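Undergrad: Here is my input, please return the structure:
(one chain, ligands or ions: 1)
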Amino acid sequence: MKRVGGPVTPFGGRNASPGDNDEYALWDAAYVLGSLSSADRSEYQAHLKTCPSCRQAVAELSCMPAPLSRLDGEDVAAIDEGGPKGGVPPLRPQVLNSLQAKVSHRRRRSRLVLSTVTAATAAVLVIGTFIAMRPSGPIPESRTTAYVDVSCPNNLY
Ligand SMILES: [Zn+2]
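TA: I've put the predicted structure just below:
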């Protein structure tokens with residue numbers, strides 16, 4: 001994203017042109033989550049009227065509070081306890097059931113694909129074995145003639 005790592009002028013600067021130099025570029029999440037002070041909120045709302053880039057960022061982020069609001073206190077506490085060590089918070093039963101259904105569906109599908117590939121491989125091997133083991137048919141006449149011509153002097157003749 002263009003917003004990450006871009007130069008940001010200090011708050012209160014007058015470089016309010018849209019783009020990477022937007023001083024309000026990092027305010028979108030705080031605004032959506034309602035963590036701006038009332039003065040900052042008013043300032044940012046005024047900026048939103050003139051900046052399509054920030055309006056778009058707010059629109060993109062505005063769907064995030066709903067999923068976040070589904071977390072209850074225990075979920076948040078579990079996330080806090082897990083912290084950056086990689087602990088995984090326990091999943092809600094609905095989410096867990098949905099995940100289990102998806103995983104079992106994918107496993108069934110991959111088993112079906114694997115058995116189909118195995119059957120196809122077995123069929124190719126069987127057909128290849130038949131072709132390899134098949135008698136090579138009648139010897140062409142010219143070869144027969146050549147064999148007779150070469151072997152005649154060594155036999156009883
Ligand atoms: Zn902006």
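Undergrad: where exactly do the helices run in this structure?
TA: 28-32, 38-48, 52-61, 65-69, 73-82, 93-133, 141-151 (DSSP state H).
Undergrad: Next, format those helices as CSV and append mean neighbour count, distance to the ion and mean pLDDT.
TA: Backbone N, C-alpha and C define where each C-beta goes, glycine included. Shown next, in CSV, are these (neighbours: other CB atoms under 10 Å; distance: least, CB to the ion, whole Å; pLDDT from 0 to 100):
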stretch, mean neighbour count, distance to the ion, mean pLDDT
helix 28-32, 18, 8, 90
helix 38-48, 14, 6, 96
helix 52-61, 16, 3, 93
helix 65-69, 9, 20, 76
helix 73-82, 12, 30, 77
helix 93-133, 10, 35, 80
helix 141-151, 10, 87, 53
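Undergrad: Between these, which one is closest to Asp22.
TA: helix 52-61 (6.1 Å; CB to CB).
Undergrad: From Ala46, how far out is the closest residue to Ala57 other than its chain neighbours?
TA: Residue nearest to Ala57 in three dimensions, not counting chain neighbours: Asp28, with 4.0 Å by CB to CB, 6 or more residues apart in numbering. Using CB to CB, to the nearest Å, Asp28 is found at 15 Å from Ala46.
Undergrad: still on that earlier bit, the residue nearest to Ala57 contacts Ala59, correct?
TA: No - checked against CB atoms under 8 Å, the pair Asp28 and Ala59 is beyond contact range at 9.4 Å.
Undergrad: sorry, back to before: include distance to Asp22 when you put the helices of the chain into TSV, please.
TA: Listed next are these as TSV, based on distance: least, CB to CB, whole Å:
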stretch	distance to Asp22
helix 28-32	10
helix 38-48	9
helix 52-61	6
helix 65-69	22
helix 73-82	31
helix 93-133	36
helix 141-151	86
